[in-house]
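1. From the sequence below, what's the structure:
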Amino acid sequence: MKIEKVLVVGGAGYIGGYLTDTLIQNGYNVTVYDNLMYEQRYLKQVPFIYGDVRDRKKLSLLLPEYDIVIWLAAIVGDGACAIDPFLTQTINEDSVKWLVKHYTGKIIFTSTCSVYGINNELLDENSSTNPLSVYAETKLAAEQSVLKYANNPLVFRLGTLFGVGDQHSRIRLDLVSNILAKKAASGEELSVFGGEQWRPLLHVKDVSTAIVHCIKNNVAGLYNLSCENYKIRDIAEVIQTRLPKTFIKYTDGKFEDLRNYRVKNAKISNTGWKASYTLEEGIDEMITIVKENRVKNLADPIYSNEYFLNEYYFNF
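-> Got it, this is the predicted structure:
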């Protein structure tokens, strides 16, 4: 039986670390392609190619070697993408449109539930989209290209991620659950503005469990992917159950992030996949990191896409 070759583009990032491990454990021949935007080194014992998604000459020579391309590469988050909208479009949208025209194998693409914007209904994959940011706009345009032109594509609209991936990849402390858990574990007050906004949440490791499940079962199409829908205030209250001394301060008024959406998971659930990790488990991971001083400087901009790119990367 042929061992399928998989190229994980952007595989050195938050999602890619655990995904690479999971693919290898399931018998796939994996190579990571990444420009190490947030990293100074890549030491995981896996074949690695240093490269940028805008280097079309390099990718043109490389892509035909692989049966599956998993495209994780992107500037991620509303704030990070707003720093340089033109660069965001080049990386998040234009590179994907080029990919679908120059690669005939299976493409797996990670989009975002942010494409739904503000919507009070419980949303499925056929619901109207309402992107409110450059990030959501470019991801929506990219996913539409993949679904229209790629061969047997798989696209996930990911919920808001939380938790810790593998032992090598950068921790993200700019995601709502991780931010609040970090603050509570540090003994800080949790400020919740409004708090009625809905978010579909997903442990970062469950992106990997879903991708491998779908490869094995030849699943294709567009899927919402989350473990459960939570209001922002509910996330804070779950954290309080893990750290009872946590004080939550509720403030009326609109938060600057206007997104409000919750999604149905029925379509992906019908394929046999279900989330393996809970919000409580992700919160406990963050508490352990803080309580055991496993991160020397939690305020380092490297743990926030927006802060790091604004302070360092775009000044190079």
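
2. what about the stretch 201-316 of the chain, any weak spots by pLDDT?
-> Applying pLDDT under 70 to the stretch 201-316 of the chain picks out residues 253-258, 313-316.

3. Strands of that one, start to end?
-> 221-225, 228-231, 248-251, 260-263 (DSSP state E, counting those that start in this stretch).

4. right, and those strands - which one's nearest residue 199?
-> Residue 199 lies closest to strand 228-231 among the strands of the stretch 201-316 of the chain, at 6.0 Å (CB to CB). For glycine as for every other residue, the C-beta is placed from the backbone atoms N, C-alpha and C.

5. quick one: which of the strands of the stretch 201-316 of the chain is nearest residue 308?
-> The nearest among these, by CB to CB, is strand 221-225 at 25.7 Å.

6. Just the buried positions in that closest one, please.
-> 222, 223, 224, 225 (16 or more other CB atoms under 10 Å).

7. Dig out what the first one forms beta bridges with.
-> Which is residue 222. Taking DSSP bridges as the rule, residue 222 bridges to residue 155.

8. from what I can see it touches residue 125, true?
-> Yes. Between residue 222 and residue 125 there is a contact under CB atoms under 8 Å: 5.0 Å.

9. Flag every buried residue along the longest helix along the chain.
-> Taking DSSP state H as the criterion, the chain has its longest helix at helix 134-149. Neighbour counts over helix 134-149 (16+ other CB under 10 Å) mark 134-147 as buried.

10. which one of those is nearest residue 50?
-> residue 142 (22.9 Å).

11. so what's the closest one up against?
-> By CB atoms under 8 Å, 6 or more residues apart in numbering, residue 142 lies in contact with 92, 93, 96, 97, 109, 111.

12. and the fourth one, helix, strand or coil?
-> The assignment at residue 97 comes out as helix when based on DSSP: H, G, I helix; E, B strand; the rest coil.

13. How much space separates it from residue 65?
-> 22 Å (CB to CB, to the nearest Å).

14. Those two: who's more crowded?
-> residue 97 (15 against 10; other CB atoms under 10 Å).

15. Per-residue pLDDT of the more buried one, please?
-> For residue 97, the pLDDT comes out at 98.

16. give the contact list for residue 303.
-> Counting by CB under 8 Å, 6+ apart, residue 303 has contacts 170, 171, 172, 173, 174, 295.

17. Inside strands: which ones of those?
-> Nothing among the contacts of residue 303 maps onto strands, per DSSP state E.

18. Show the buried residues in those.
-> The neighbour-count criterion (16+ other CB under 10 Å) marks 170, 171, 172, 173, 174, 295 among those as buried.

19. Next, give me the two most distant ones among those residues.
-> Counting by CB to CB, the most remote pair of these is 174 and 295, 13.7 Å apart.

20. Determine which two of the contacts of residue 142 are furthest apart.
-> 97 and 111 (13.8 Å).

21. Mind splitting this protein into its structural domains?
-> With domains defined by automatic domain parsing, the chain comprises 5-161+201-225, 172-200+230-258+278-315.

22. so when I look at residue 157, I'm seeing a strand, right?
-> Yes. Read with three-state DSSP, residue 157 is one of the residues of a strand.

23. That one reaches residue 125, doesn't it?
-> Yes. With contact defined as CB under 8 Å, residue 157 counts as touching residue 125 (7.5 Å).

24. hey, what's in contact with both of the two?
-> 222, 223, 224.

25. can you list those in TSV and add distance to residue 70?
-> Shown next, in TSV, are those (distance: CB to CB, whole Å):
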residue	distance to residue 70
222	16
223	15
224	18
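
26. Closest one of these to residue 3?
-> residue 223 (25.8 Å).

27. Apart from its chain neighbours, what residue comes closest to the closest one?
-> Closest residue to residue 223 apart from its sequence neighbours, by CB to CB, 6 or more residues apart in numbering: residue 268 at 4.4 Å.
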